[in-house]
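>>> okay, predicted coordinates and the sequence, questions at the end:
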Amino acid sequence: GPESNNIKAEINNLDLQASVSMLGLRDDIPDLLNAADACLLTSRSEGIPLTLAEAMATQLPVVATKVGGVPEIVNDGETGFLCEAGDTKSLAASITELYNSPEQRAAFGQAGRRRIIEHFNADEMHKQYQSKYLQMATR
C-alpha cells in the first residue's frame, strides 16, 4: 500500500532484512496461513477484519489489538490475546507467551476454529441478519 516505501526503509534502518519479508500481493493465502504459527494484527482501527476469521479458521492463535470489531471475533485468553492499541510491550509479551507454549497455541487455534465455525459461518450470519431485519420490521 501507500506506506510500502516507509516500511521498507524502517526494515532497512532496523537491519531486519533477514527477519522481515514484504510479500506484496499474493494469491496463495491458504498456503501462507498454513505455514504460520500465529496471526498478529496490530491495527489502531478496524471494522471486523476478515483476516482474523480466515486465520482462526485455519487454527491459528491470534494476537491482536482491542479495536473496532476485533473483540467480537477474538475471545481474549480463549482464542488468542487482545492488547491495547499501541501497547508494544503487551503485544511482545503475548507473542512471546505463544512462542514459548505450543500447547497454548494449539488450544487457542482449536478454540478459534470452533468459534468461527459456530458464529461466523455463512448460515449463522444469514440467520442473524434475518433476525435483525425481522426485529426492525416489527418496530
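Here it is on my side, so go on. If you're wondering where the values come from, they're calculated on a predicted model, not measured in any experiment.

>>> report pLDDT for Leu82.
Predicted confidence (pLDDT) for Leu82: 98.

>>> any idea how far it is from Lys127?
26 Å (C-beta to C-beta, to the nearest Å). Every residue, glycine included, has its C-beta placed from N, CA and C.

>>> comparing the two, which residue is more hemmed in?
For Leu82 versus Lys127, neighbours defined as other C-beta atoms under 10 Å are more numerous around Leu82 (21 against 11).

>>> what's the helix or strand for the more buried one?
strand 80-83 (DSSP states H and E).

>>> what sits up against that strand?
38-39, 56, 61-66, 70-71, 74, 76, 90-91, 94, 97-98, 108, 112 (C-beta atoms under 8 Å, 6 or more residues apart in numbering).

>>> which of those residues count as buried?
If you count burial by 16 or more other C-beta atoms under 10 Å, the buried members of the contacts of strand 80-83 come out as 38-39, 56, 61-66, 70, 74, 90-91, 94, 98, 108, 112.

>>> these in strands, which ones?
Mapping the buried ones among the contacts of strand 80-83 onto strands (DSSP state E) picks out Cys39, Val62, Val63, Ala64, Thr65.
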